[in-house]
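Visitor: Dropping the sequence and predicted coords here.
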Amino acid sequence: MAVFDFDLTLIGKHSGGYIDKLNDIEDIGTSVTNAFKILSKRLYENNIKITVATFSDDEAIRYSKVKSPSLIAGEELIQHCIKHSNCETKIERVYAYYPYYYKEPKKYMALGLKEPMSNDKSYHLKRIRNEFSVNINEIIFFDDDVKNCISAKKEGYITFNVTGKKGFNFKDIKLMQ
């Protein structure tokens, strides 16, 4: 299983967590990297599932969406970018949680947590493992944030840090040792 971060990994830009799909002035919707398109197509053709672990969370636009219904975040944003970038792959599932929104007991308990979510992708990766019945050593994780990479590596995941500032490519990537 391959797990990709979204901003500056799957796409070559930073969305800020959401966009207005009718006024995408930064062209986020078409910024899936060519390297991701190539790799994800090959993974898909070889029956290797792809998921996304992102901090782009629908909670960020929950109240704004009433006045601006064209705002998108989370899964809708990721699928929008895959479609509008002509990326020939399938994203099995998007895990879109921004830890800041799950600090209150009511919020984190609704996710089955006993305490606030840690400020990394640990929760996302654990959900992926549980929902797809895969072991830690069966997941390859890609993220541009070195803190997320260090945390994932400590937990035992095969982890690649996307080191460039334009998203996933085959040059600016580092296997975490």
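Guide: On my side now, so go ahead. Model, not experiment: these values are computed from the prediction.
Visitor: Could you use CA atoms for every contact and neighbour count after this?
Guide: OK.
Visitor: can you list contacts of the helix or strand of the chain with the lowest mean pLDDT?
Guide: Sorting the helices and strands of the chain by mean pLDDT, DSSP states H and E puts helix 64-67 at the bottom, at a mean of 93. For helix 64-67, contacts defined as C-alpha atoms under 8 Å, 6 or more residues apart in numbering pick out residue 71.
Visitor: Buried residues in that helix, which are they?
Guide: Residues of helix 64-67 include none that count as buried (16 or more other C-alpha atoms under 10 Å).
Visitor: next SSE after that helix?
Guide: Next along the chain after helix 64-67, taking DSSP states H and E as the criterion, comes strand 71-73.
Visitor: Relative to the whole chain's centre, how far out is that next one?
Guide: 15 Å (C-alpha atoms, centre = their mean, to the nearest Å).
Visitor: Can you list the strands that it pairs with?
Guide: strand 18-20 (antiparallel) (DSSP bridges).
Visitor: which residues are contacting the partner strand?
Guide: So strand 18-20 is contacted by 28, 56-57, 60-61, 70-74, 77 (C-alpha under 8 Å, 6+ apart).
Visitor: Check stretch 168-177 too.
Guide: Residues contacting stretch 168-177 (C-alpha under 8 Å, 6+ apart): 8-12, 33-36, 149-150, 153, 158-164.
Visitor: related to what we said a few turns ago, now the buried members of the contacts of strand 18-20.
Guide: Once neighbours are counted (16+ other C-alpha under 10 Å), the buried part of the contacts of strand 18-20 comes down to 28, 56-57, 60-61, 71-74, 77.
Visitor: with the residues you listed in mind, which one is nearest to residue 115?
Guide: residue 57 (18.9 Å; C-alpha to C-alpha).
Visitor: Output the buried ones among the contacts of strand 18-20 in a markdown table, with pLDDT and distance to residue 175 appended to each entry.
Guide: Shown next, in a markdown table, are the buried ones among the contacts of strand 18-20 (pLDDT from 0 to 100; distance: C-alpha to C-alpha, whole Å):
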| residue | pLDDT | distance to residue 175 |
| --- | --- | --- |
| 28 | 97 | 27 |
| 56 | 98 | 24 |
| 57 | 98 | 27 |
| 60 | 95 | 32 |
| 61 | 96 | 34 |
| 71 | 98 | 35 |
| 72 | 98 | 32 |
| 73 | 98 | 29 |
| 74 | 98 | 27 |
| 77 | 98 | 28 |
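Visitor: okay, the residues you listed in a markdown table with distance to residue 2 next?
Guide: Below are the buried ones among the contacts of strand 18-20 laid out as a markdown table (distance: C-alpha to C-alpha, whole Å):
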| residue | distance to residue 2 |
| --- | --- |
| 28 | 22 |
| 56 | 18 |
| 57 | 20 |
| 60 | 26 |
| 61 | 28 |
| 71 | 28 |
| 72 | 24 |
| 73 | 21 |
| 74 | 18 |
| 77 | 19 |
